[in-house]
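Asker: Here's a sequence, model it:
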Amino acid sequence: MYREDSVGMFPRAEVGCDCFRGRRGEARKDSKGRRLWEKVKYQLVEYHSLPSYLKDNEYIIGYYRSEWPLKQTFFSIFTIHNETLNVWTHLIGFFLFLVLTIYTAMKVPKVVDINSLQQLPEVLKRADLHKLPSDLVACLPALPQLSHLQKLKDELRSTLPKMDSLSSLPRWHLLELISNCFPPRLSHDNQTQRSMLNQMVNNLIAPLFVHQIARWPFFAFLGGAMFCLLASSVCHLLFCHSRRVAYIMLRLDYAGIAALICTSFYPPVYYSFMCDPFFCNLYLGLITLLGCATMVVSLLPVFQNPEYRSIRAGLFFVMGMSGVVPVLHKLIAFRHHPEAVYTTQYEVLMGILYGLGALLYATRIPERWMPGKFDIAGHSHQLFHVLVVAGALTHYKAGLVYLRWRDLQGCAK
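Answerer: A predicted model of the protein is given here:
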C-alpha cells in the first residue's frame with residue numbers, strides 16, 4: 001500500500017503505532033511477571049528452605065511462611081499454613097476469657113438473689129409444712145413482709161442472740177443457730193422437713209451474711225490468662241516476618257506463659273491463706289519471684305535455640321510444680337472443708353492438662369512419628385495450645401468455688 005502527498009509516493013510505515021504496541025506488550029509482560037513473582041514470593045516453603053532462626057521443628061516439613069512483609073504476614077491469619085491453628089486456638093481462647101472476665105465482674109459478686117426472698121413464704125406454703133410459716137415468722141419477725149436485704153439482716157441479728165459476727169460464721173454453724181429457733185419436732189424428728197430447712201437456710205438465709213472478699217487475685221489470674229493467650233496468638237502470626245520480629249515475639253510468648261503460671265497461683269494461695277498473712281505473703285512472694293526470674297531468663301538470646309527446647313519446657317514445668325506445696329498445705333489446714341477437696345480436684349486436673357501439654361511440646365508427639373503428616377493440623381504445638389486453654393478453664397471453675405467459699409464463710413475454719 002502506498003499513499004500520496006505533496007512530497008511524493010512512499011510506503012505506509014506506521015512506525016509510531018508499532019512502537020506503541022511494543023511498549024504496551026512489554027508492559028503487559030512486566031505486569032504479569034510482577035504478579036507471578038508476587039505469587040511465587042509469598043508461596044509456602046518447606047523446612048529446608050527456611051532461614052536458621054525459623055527452623056524449630058524438623059518434623060513439620062512444609063507449609064511455612066518465610067520472611068513475608070508485615071501486611072501479608074498479618075493477613076495470613078485468614079489463610080492456611082502450619083501456624084493457622086496455633087493462632088486461632090489461642091485467639092479463640094483469649095476471647096473466651098474476655099467474656100468470662102466480663103461475666104465474672106458483672107455476675108459472680110452477686111452471690112444471692114435478693115428477689116428470691118420475696119418468694120420464701122410461698123415456697124414454704126407449697127412445701128406443705130403446716131406450721132412452719134408461722135413458726136418462721138415467730139422466730140424471725142416480719143420475714144414474709146421483708147423486701148430489703150439490709151432490713152432482713154438487721155432483723156435476724158436483733159432476733160437471734162449473740163450473732164454480731166455472723167459474717168465470719170461457718171455455714172453449718174449458722175444453720176445450727178437458726179435451727180435452734182425452730183420447734184424441736186422440725187429440727188430433729190422429720191428428716192424430710194429437716195432437709196428442706198437445711199436447703200432453705202443454705203440457699204436463702206446464709207447468703208445474707210456474705211462478706212464479699214477481695215476479687216483482685218481472681219482477676220489477676222484472668223488477666224494473666226488473657227495476656228498469655230493473646231501474646232501467643234500474635235507471636236505465631238507475626239514471628240515469620242523477620243529475625244528481629246521473631247526475637248521480640250518469642251520473648252513475648254515466653255513472658256505470657258510465665259504470667260499465666262504465676263497468676264494461676266494467686267487465687268488458691270490468697271483464698272486459702274487469706275486469714276494467715278504469713279503463709280499468704282510467703283507463697284505469693286515466692287511464686288511472684290519465680291515468675292519474674294523465669295521471664296528474665298526467657299529474655300536471654302541463647303534460650304531460644306532449638307537445642308534448649310526441653311530446658312524451656314522443663315523450666316515452665318518446674319514453675320508449675322512449685323504449686324504442690326501450698327496445695328498440700330491447704331488440704332491439711334482445711335481437711336474438714338469440702339471446698340478444699342473440690343478445689344484441689346480442679347487444680348490436679350489443671351496440672352495434668354498443663355503437664356501433658358508441656359510433655360507433648362517437648363517430645364514433639366505425634367509429628368515425630370509421621371513427619372509431614374501433621375503439618376497443617378494435629379501437631380504437638382496445636383495440642384499444647386488446646387490443653388493450655390482447657391487447663392485455664394479448669395482453674396477458672398476452681399476460682400468460682402474459692403470465691404463462694406470465702407464469701408460465705410470469711411475467715412472461719
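Asker: quick one: pLDDT of residue 67?
Answerer: At residue 67, the model reports a pLDDT of 91.
Asker: again, but for residue 362
Answerer: 85.
Asker: ok so it is a helix residue?
Answerer: Yes - according to DSSP: H, G, I helix; E, B strand; the rest coil, residue 362 belongs to a helix.
Asker: So which bits of stretch 290-306 are buried?
Answerer: For stretch 290-306, a neighbour-count test (16 or more other CB atoms under 10 Å) marks 290, 291, 294, 295, 298, 304 as buried. In short, each C-beta sits where N, CA and C put it, glycine included.
Asker: And the pLDDT at the first one?
Answerer: Put plainly, it is residue 290. For residue 290, pLDDT reads 84.
Asker: Packing partners of the host helix or strand of it?
Answerer: Taking DSSP states H and E as the criterion, residue 290 maps to helix 277-298. Helix 277-298 is packed against helix 243-264, helix 266-273, helix 309-321, helix 324-333, with contacts defined by 3 or more CB pairs under 8 Å, 6 or more residues apart in numbering; DSSP states H and E.
Asker: quick one: contacts for residue 374?
Answerer: Residue 374 sits next to 59, 60, 366, 367 when contact means CB atoms under 8 Å, 6 or more residues apart in numbering.
Asker: Let's see that with 6 Å instead.
Answerer: Counting by CB atoms under 6 Å, 6 or more residues apart in numbering, residue 374 touches residue 367.
Asker: Please tell me how far it sits from residue 258.
Answerer: 27 Å (CB to CB, to the nearest Å).
Asker: How about residue 401?
Answerer: 25 Å.
Asker: Show me which of these two is the more surrounded one.
Answerer: residue 258 (24 against 18; other CB atoms under 10 Å).
Asker: Give me the pLDDT value at the more buried one.
Answerer: So, for residue 258, pLDDT stands at 88.
Asker: from memory it sits against residue 290, does it?
Answerer: No - Residue 258 lies out of contact with residue 290 (CB atoms under 6 Å); the separation is 8.8 Å.
Asker: what about residue 411, how many neighbours?
Answerer: Close neighbours of residue 411, defined as other CB under 10 Å, add up to 12.
Asker: so which strand or helix has the nearest residue to it once chain neighbours are set aside?
Answerer: Leaving aside its sequence neighbours, residue 411 sits nearest to residue 275 (CB to CB, 6 or more residues apart in numbering; 3.6 Å). Using DSSP H and E, residue 275 sits in no helix or strand.
Asker: Can you tell me how far residue 275 is from residue 386?
Answerer: 37 Å.
Asker: Could you list the residues in contact with the helix or strand encompassing residue 219?
Answerer: In this structure, residue 219 sits in helix 216-238 according to DSSP H and E. Here helix 216-238 makes contact (CB under 6 Å, 6+ apart) with 73, 77, 83, 86-87, 90-91, 93-94, 97, 101, 245, 249, 252-253, 256-257, 259-260, 263-264, 266-267, 270, 392, 399.
Asker: any weak-confidence spans in this structure?
Answerer: 1-41, 108-212, 303-307, 309-310, 312-313, 412-413 (pLDDT under 70).
Asker: just checking, what packs against the top helix by length along it?
Answerer: When the chain is parsed with DSSP state H, its longest helix is helix 380-409. Judged by 3 or more CB pairs under 6 Å, 6 or more residues apart in numbering; DSSP states H and E, the packing partners of helix 380-409 are helix 84-106, helix 266-273, helix 338-363.
Asker: tilt between that helix and helix 243-264?
Answerer: Put simply, helix 380-409 runs at 30 degrees to helix 243-264, going by axes from the mean of the first three to the mean of the last three CA atoms, to 10 degrees.
Asker: Mind listing what's buried along helix 380-409?
Answerer: Neighbour-count burial for helix 380-409 [16+ other CB under 10 Å]: 380-385, 387-396, 398-403, 405-409.
Asker: If you compare the directions of it and helix 216-238, what angle comes out?
Answerer: Going by the same axes, to 10 degrees, helix 380-409 makes 170 degrees with helix 216-238.
Asker: and the gap between residue 264 and residue 346?
Answerer: 11 Å.
Asker: Which residue of those two possesses the greater neighbour count?
Answerer: Between residue 264 and residue 346, counted using other CB under 10 Å, residue 264 has the larger neighbour count: 28 against 21.
Asker: what's the more buried one in contact with, if anything?
Answerer: Contacts of residue 264 (CB under 6 Å, 6+ apart): 221, 395.
Asker: swap in residue 280?
Answerer: residue 273.
Asker: rerun at 7 Å
Answerer: 269, 270, 273, 274 (CB atoms under 7 Å, 6 or more residues apart in numbering).
Asker: OK, contacts around the first one?
Answerer: Residue 269 is in contact with 280, 283, 284, 326, counting by CB under 7 Å, 6+ apart.
Asker: so what's the third one up against?
Answerer: So the one you mean is residue 284. Residue 284 neighbours (CB under 7 Å, 6+ apart): 266, 269, 270.
Asker: now do the last one
Answerer: Shown in contact with residue 326 (CB under 7 Å, 6+ apart): 268, 269, 272, 283.
Asker: do you know how far it is from residue 411?
Answerer: Counting by CB to CB - residue 326 and residue 411 are separated by 17 Å.
Asker: And residue 81, by the same measure?
Answerer: Residue 81 is 53 Å from residue 411, by CB to CB.
Asker: do the same with residue 98
Answerer: Residue 98 is 32 Å from residue 411, by CB to CB.
Asker: can you check residue 100 too?
Answerer: Taken as CB to CB, the span from residue 100 to residue 411 is 27 Å.
Asker: ditto for residue 358
Answerer: Taken as CB to CB, the span from residue 358 to residue 411 is 36 Å.
Asker: Then residue 343?
Answerer: Taken as CB to CB, the span from residue 343 to residue 411 is 17 Å.
Asker: Check residue 107 too.
Answerer: Taken as CB to CB, the span from residue 107 to residue 411 is 25 Å.
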